[in-house]
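# Sharing a model that was predicted from the sequence below.
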Amino acid sequence: MLNGILTVSAIEKSSGLKSGITISSSLSLSDKEVDELVEKTEKLFVENKVIQEKTKTVAIINDKITEMAEKIEQVEDKDKKEKLVQLNADTMEWLENNSKASLTELQDKQKSVASAFALVHDEL
């Protein structure tokens with residue numbers, strides 16, 4: 001805050017979406033209105049952080065899918081190959097069907113995918 005002016009902005013890195021708000025002391029805004037705007041800005045900041053974490057978690061899951069797709073090509077055992085293909089397909093389907101999943105749900109899926117892929121990877 002500088003000279004009664006508060007400027008807050010945020011940029012969502014993966015999409016480049018930028019949002020911001022400037023709150024300045026003004027004769028047309030009451031203290032209550034300024035407080036409400038500050039509260040709204042703080043809430044949006046927190047929501048943006050959650051969106052960033054969700055985006056990061058989805059990216060990690062997608063990286064695992066890509067990694068396993070590359071490993072599939074190296075697998076000679078037909079049963080293991082089918083297992084990996086199904087695991088990748090199930091994971092991609094889950095992401096498609098759960099686009100509005102909470103951060104906790106995404107993090108849980110990330111952990112389960114990492115564990116499943118680790119088990120399969122150890123077999124290779």
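Happy to help now that I have it.
# Let me see the domain layout of this protein.
5-47, 53-123 (automatic domain parsing).
# Kindly reformat those as JSON lines and extend each row with mean pLDDT.
Output for the domains of the chain, formatted as JSON lines (pLDDT from 0 to 100):
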{"stretch": "domain 5-47", "mean pLDDT": "82"}
{"stretch": "domain 53-123", "mean pLDDT": "89"}
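# how about a markdown table for the ones you listed, with mean neighbour count added?
The C-beta positions use only the backbone N, C-alpha and C, and glycine is treated the same way. Converted to a markdown table, the domains of the chain look like this (neighbours: other CB atoms under 10 Å):
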| stretch | mean neighbour count |
| --- | --- |
| domain 5-47 | 12 |
| domain 53-123 | 14 |
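# Kindly list the main-chain dihedrals of E76?
Torsion angles at E76 (phi, psi; degrees, to the nearest 10) stand at phi -100, psi -30.
# Can you tell me how far it is from A114?
24 Å (CB to CB, to the nearest Å).
# who touches Q107 in this structure?
Residues near Q107 by CB atoms under 8 Å, 6 or more residues apart in numbering: T57.
# quick one: which helix or strand includes it?
Assigned by DSSP states H and E, Q107 falls within helix 103-123.
# How far away from the center of its chain is that helix?
16 Å (CA atoms, centre = their mean, to the nearest Å).
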